[in-house]
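A.B. asks: A predicted structure for the sequence below; I have some questions about it.
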Amino acid sequence: AHSLLANVPAALPALARAQAIQERAARVGFDWRDVAGVIAKVREEITELQGAAAEERFAELGDLLFALVNLARWLGLDAEAALRAATARFAARFQEMERLAAARGVELGDLSLAAQDALWEEAKRRERADAP
């Protein structure tokens, strides 16, 4: 028998592959009844990760990521694109923090976490101010 999952490319990025596999499983009805079930599963997986022994953390983190991809699918969002965008936002803000620190003659690594957080918030404010 041919599997619905057989031709999902293994070379896809992990989030995109997880989403494609979940979409195929949902085609035959193997899916949550509503988004509330998906959110409950995400919470359950967070709890399991928090309580996991060191040797279980890898699997539990994978389960949490898989559940988050399912949530993205239920919300009609592309998990891969969402993570790329979040990573780009983080990188832009971090680079702005570096620029602000340099403009003030300080090394980012020499600042306390509280001072770094203040620069982070300033970078976020500047980002919003620059938004169209």
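C.D. replies: Thanks, I have the structure now. Numbers count the residues shown, from 1 in each chain.
A.B. asks: for this structure, what's the longest helix?
C.D. replies: helix 79-103 (DSSP state H).
A.B. asks: okay, buried residues for that one please.
C.D. replies: Judged by neighbour count (16 or more other Cβ atoms under 10 Å), helix 79-103 contains these buried residues: 79, 80, 83, 93, 96, 97, 100, 101. All C-beta atoms are positioned from the backbone trio N, CA, C, and that covers glycine.
A.B. asks: contact partners for the last one?
C.D. replies: Under the criterion of Cβ atoms under 8 Å, 6 or more residues apart in numbering, the neighbours of residue 101 are 107, 108, 111, 119.
A.B. asks: tell me the confidence at it?
C.D. replies: In this model, residue 101 is scored at 96, pLDDT.
A.B. asks: quick revisit: from the contact counts, what lies against the helix or strand just after the longest helix of the chain?
C.D. replies: Sequence-wise, the next helix or strand downstream of helix 79-103 (DSSP states H and E) is helix 113-130. Applying 3 or more Cβ pairs under 8 Å, 6 or more residues apart in numbering; DSSP states H and E, one finds that helix 113-130 contacts helix 79-103.
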